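**Q** just the structure for this:
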Amino acid sequence: MNSKEHFARMFSYDRWANRECLSALRAAGSTNPKVLRLVAHTVAAQKLWLERILRQPQSAPVWPSSAVEECAALVDSMAAA
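**A** Numbers count the residues shown, from 1 in each chain. This is a model prediction of the structure:
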């Protein structure tokens, strides 16, 4: 496996894992604020690092107050990026 394939596989896994976390939050019925805060931070940090790599200004806080659906949208956005 070459580096490109390796990174593609890791990004695919990352999207899967983030979506699994969000699915578990939804299934729990009541969103645990501590867990949601950690998931939101994880996805926001990914966005921050992408912006740093692309030499773009930071567009969101590293510790956002996000709802589950906002996190899901950002997960999809990061996967597309």
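**Q** pick out the residue closest to the middle of the protein.
**A** The residue lying closest to the centre of the chain (C-alpha atoms, centre = their mean) is Val43, at 2.6 Å.
**Q** which ones are touching it?
**A** By C-beta atoms under 8 Å, 6 or more residues apart in numbering, the contact list for Val43 reads 18, 66, 71, 74-75, 78. Where you see a C-beta, it was placed from the backbone N, CA and C, and this is true even at glycine.
**Q** residues near Ala72, how many?
**A** Applying other C-beta atoms under 10 Å, we find 19 other residues in the vicinity of Ala72.
**Q** same thing with Leu48?
**A** Per other C-beta under 10 Å, the neighbour tally for Leu48 reads 16.
**Q** flag every buried residue along the helix or strand encompassing it.
**A** Take DSSP states H and E as the rule and Leu48 turns out to sit in helix 33-53. Of the residues in helix 33-53, 36, 39-44, 46-48 count as buried by neighbour count, 16 or more other C-beta atoms under 10 Å.
**Q** which helix in this protein has the most residues?
**A** The longest helix of the chain (DSSP state H) is helix 3-27.
**Q** pLDDT weak spots in the chain?
**A** Applying pLDDT under 70 to the chain picks out residues 30-31.
**Q** give me the subset of the contacts of Val43 lying in helices.
**A** Those of those lying in helices (DSSP H): 18, 71, 74-75, 78.
**Q** so can I have JSON lines of those showing distance to Gly29?
**A** Formatted as JSON lines, the ones in helices among the contacts of Val43 follow (distance: C-beta to C-beta, whole Å):
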{"residue": "Asn18", "distance to Gly29": "20"}
{"residue": "Cys71", "distance to Gly29": "17"}
{"residue": "Leu74", "distance to Gly29": "22"}
{"residue": "Val75", "distance to Gly29": "20"}
{"residue": "Met78", "distance to Gly29": "26"}
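**Q** JSON lines please, covering those residues and showing neighbour count and distance to Ala28.
**A** Formatted as JSON lines, the ones in helices among the contacts of Val43 follow (neighbours: other C-beta atoms under 10 Å; distance: C-beta to C-beta, whole Å):
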{"residue": "Asn18", "neighbour count": "21", "distance to Ala28": "16"}
{"residue": "Cys71", "neighbour count": "23", "distance to Ala28": "14"}
{"residue": "Leu74", "neighbour count": "21", "distance to Ala28": "20"}
{"residue": "Val75", "neighbour count": "22", "distance to Ala28": "18"}
{"residue": "Met78", "neighbour count": "18", "distance to Ala28": "23"}
